[in-house]
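Asks: model the structure of this input:
(2 chains)
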Amino acid sequence: GAVVSQHPSWVICKSGTSVKIECRSLDFQATTMFWYRQFPKQSLMLMATSNEGSKATYEQGVEKDKFLINHASLTLSTLTVTSAHPEDSSFYICSAGPPSNYEQYFGPGTRLTVT
Amino acid sequence: AQTVTQSQPEMSVQEAETVTLSCTYDTSESNYYLFWYKQPPSRQMILVIRQEAYKQQNATENRFSVNFQKAAKSFSLKISDSQLGDTAMYFCAFMNMGNQFYFGTGTSLTVIP
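Replies: Coordinates of the predicted model:
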């Protein structure tokens, strides 16, 4: 199956700083990628849809100025958590799939801890 | 908006026995996909089984099978011959035609030796 990677797998940052998380499709091109957040012992919640070459679309309640998404190429989407606070500590997971194919592959996730 | 409901937060089953995990969903869309994912402690999402809504035949994948009732918007997962490695969190998920996933709250399954 197709592979989606994320980097870093774990990051610790201080409150008020920004942190960037990368999502890459390794063996296919993806015009659309998706970002999810999972709090401990909870489900995955869709945050936003990342569109190559255009603005991301955000789910209701997700602050687009806080969670900046850039989909600069067909294999890379980045999520930047700006001015991070402890309540942003969570597990962030991306998914991607080849165009015209109703298959999605999940990355291994990134654990963000804000101190 | 899509909602996915899993009413069993925790379940346990004896090794080699059969267990069924429940899932219901709500949508106004006519075309969609349904999934069961397994999330072990590593938190990597692992696809268990997938069902296309337009297919009436229930999907099967080795020891895993689903009971898809489209009219009732029900999508349960049956695990036969349960193995210790099946212990994990299981999420039922709805995917729309835009490839966006909506997940249930999960069922924590423990297989008892």
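
Asks: residues near residue A:40, how many?
Replies: For residue A:40, the count of nearby residues is 7 (other C-beta atoms under 10 Å in any protein chain shown). Bear in mind the C-beta positions are built from the backbone N, C-alpha and C, glycine included.

Asks: typo on my end, it should be residue B:28
Replies: As a burial measure, residue B:28 scores 6 neighbours (other C-beta under 10 Å).

Asks: host element of it?
Replies: Taking DSSP states H and E as the definition, residue B:28 sits outside all helices and strands.

Asks: bridging residues for the residue in chain A that chain B sits nearest to?
Replies: Per C-beta to the nearest C-beta, the residue of chain A with the smallest distance to chain B is residue A:106, at 4.0 Å. Here residue A:106 sits in beta bridges with residue A:95, as judged by DSSP bridges.

Asks: count the neighbours of it for me.
Replies: Each residue near residue A:106 was counted by other C-beta under 10 Å, and the total is 24.

Asks: same question, residue B:1
Replies: Around residue B:1 sit 8 other residues, with neighbours defined as other C-beta under 10 Å.

Asks: check contacts around the residue of chain A closest to chain B.
Replies: Neighbour list for residue A:106: A:4, A:93-95, B:37, B:44-45 [criterion: C-beta atoms under 8 Å, 6 or more residues apart in numbering or on different chains].

Asks: now, of these, which are buried?
Replies: A:4, A:93-95, B:37, B:45 (16 or more other C-beta atoms under 10 Å in any protein chain shown).

Asks: can I get these in a markdown table with pLDDT?
Replies: Putting the buried ones among the contacts of residue A:106 into a markdown table (pLDDT from 0 to 100) gives the following:
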| residue | pLDDT |
| --- | --- |
| A:4 | 95 |
| A:93 | 97 |
| A:94 | 97 |
| A:95 | 95 |
| B:37 | 96 |
| B:45 | 94 |
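
Asks: pass me the low-pLDDT residue ranges in the chain, would you?
Replies: Defaulting to chain A. Scanning chain A for pLDDT under 70 picks out A:1, A:100-101.

Asks: hmm, no, I was thinking of chain B.
Replies: Per-residue confidence of chain B (counting by pLDDT under 70) places no residue in a weak region.

Asks: point me to the residue of it nearest chain A.
Replies: Nearest to chain A, among the residues of chain B, is residue B:45, at 4.0 Å (C-beta to the nearest C-beta).

Asks: not counting sequence-adjacent ones, nearest residue to that residue?
Replies: In space, not counting the residues next to it along the chain, residue B:45 is nearest to residue A:106; the distance is 4.0 Å by C-beta to C-beta, 6 or more residues apart in numbering or on different chains.

Asks: what do you get for residue B:40?
Replies: In space, residue B:40 is closest to residue B:88, 4.6 Å off (C-beta to C-beta, 6+ apart).

Asks: so who does that neighbour touch?
Replies: Taking C-beta under 8 Å, 6+ apart as the criterion, residue B:88 is in contact with B:38-41, B:108-109.

Asks: now, of those residues, which are buried?
Replies: For the contacts of residue B:88, a neighbour count by 16+ other C-beta under 10 Å gives the buried set as B:38-39, B:109.

Asks: ok, then the element right after the helix or strand harbouring residue A:35?
Replies: Here residue A:35, judged by DSSP H and E, is contained in strand A:32-38. Elements were assigned by DSSP H and E; along the chain past strand A:32-38, the next helix or strand is strand A:44-51.

Asks: sheet-wise, list the partners of that next one with their directions.
Replies: According to DSSP bridges, the neighbouring strands of strand A:44-51, each with its direction, are strand A:32-38 (antiparallel), strand A:57-58 (antiparallel).
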